[in-house]
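Visitor: structural data only, the sequence is not supplied:
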C-alpha cells in the first residue's frame, strides 16, 4: 500500500515537473514562408528599421530554432555562389546589430563571410550587386540601388578587412564608401584608424579632421585624433582633442585615460593622476 502510494506520488511529481518544462514553440513554417518573411525583413532593414520594427515583424519567430536552421541552410547556399551579393551582406551585418539574439548572430556570420569574398578580377574594383538575391529554390528578394546603401556595403566590407588586418584593403573600401557618400563621417573616421595602423599618421589626422568637420560631436573622432597627435609628438594639441572628446562624452573612460597618459608625458603628473582616477571611477576594471 505504502509502496503504491509512493510510486503514485513520484509519477504525479514527474508529470507536474514536465508540464512546467513545456514551452510554447513557434509554429514551423514552410521554406517558402521563411523566404518571404526574410525577404520582407531584409527590405525593412534597408529602409531603416529599428529594433522594435524587427521584433514586431518577426514576432515569436525571432527565437524559432526552425527559422534559425533555415537561415543556416540559406547561408550555406549563399556561400557557395560564385559571386557575393555585397548589399545583402551589408544588411545582414546591420541586422545583427538590431537585437535579434541567435538569429542575428547567424546573420552576422553569413554577412561577414560574404563581405570578405574576393571581388572578381574581370570586374575590377567595382562591387556588382545583383538586383535580386538567389535563394535556394527561388528568387524573391528585391534589393534597391540607393547610393547610401551601396556606401554602407563598402563601409561594412572595410570594417571586416580592418578587423582581419588587411588595412590597405580597408582603406580602399572606405575610399569607395566616401566616393559614393562624401559626408559619411564614420567611413572617414575608420579610414583614419586604418591609416594609423599603417603608421601614416598625417593622413590619418586629415581623415579625423574631415570626420569632425562633418560631425563635430563625434567623440570617437576627437579621441582618435588625439591619439594620432600624441604619436606625432604634438602633445598639447592631443590634450585639446581629448578635452573636446570629454566635453562631448564626459563618461568616456578612453578619453580620460588617454588624457592622463598625455599629461604624464608632459610632466604634469598631478593632473595625469586625476585623469586616471576619473577613468577608473567610470570603469573600475
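Guide: Good, I have the coordinates. Keep in mind it's a predicted model, so treat the numbers as computed, not measured.
Visitor: what residues of the helix or strand where residue 54 lies count as buried?
Guide: Residue 54 is part of helix 51-58 when elements are defined by DSSP states H and E. By neighbour count with 16 or more other C-beta atoms under 10 Å, helix 51-58 contains the buried residues 54, 58. Quick note: C-beta positions are derived from backbone N, CA and C, even for glycine.
Visitor: can you show me the helices along the stretch 51-200 of the chain?
Guide: Applying DSSP state H, counting those that start in this stretch to the stretch 51-200 of the chain gives helices spanning 51-58, 65-80, 86-96, 101-115, 147-163, 167-180, 185-197.
Visitor: okay, these in a markdown table with distance to residue 273 and mean pLDDT next?
Guide: Below are these laid out as a markdown table (distance: least, C-beta to C-beta, whole Å; pLDDT from 0 to 100):
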| stretch | distance to residue 273 | mean pLDDT |
| --- | --- | --- |
| helix 51-58 | 41 | 86 |
| helix 65-80 | 50 | 89 |
| helix 86-96 | 41 | 81 |
| helix 101-115 | 41 | 85 |
| helix 147-163 | 34 | 83 |
| helix 167-180 | 35 | 93 |
| helix 185-197 | 27 | 96 |
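Visitor: may I see those arranged in CSV, with distance to residue 265 as well?
Guide: Shown next, in CSV, are those (distance: least, C-beta to C-beta, whole Å):
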stretch, distance to residue 265
helix 51-58, 42
helix 65-80, 48
helix 86-96, 38
helix 101-115, 38
helix 147-163, 27
helix 167-180, 26
helix 185-197, 18
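Visitor: nearest approach to residue 29 belongs to which of these?
Guide: Proximity to residue 29 (C-beta to C-beta) singles out helix 65-80 among the helices of the stretch 51-200 of the chain, at 7.1 Å.
Visitor: and that closest one with helix 101-115, angle?
Guide: 0 degrees (axes from the mean of the first three to the mean of the last three C-alpha atoms, to 10 degrees).
Visitor: what residues are up against residue 171?
Guide: Shown in contact with residue 171 (C-beta atoms under 8 Å, 6 or more residues apart in numbering): 158, 191, 194, 195.
Visitor: residue 173 is in contact with the second one, correct?
Guide: No - at 9.1 Å, residue 191 does not count as touching residue 173 under the criterion of C-beta atoms under 8 Å.
Visitor: show me the common contact partners of those two, please.
Guide: With C-beta under 8 Å, 6+ apart as the test, residue 191 and residue 173 both reach residue 158.
Visitor: how close does residue 167 get to residue 51?
Guide: In this structure, residue 167 and residue 51 are 32 Å apart, going by C-beta to C-beta, to the nearest Å.
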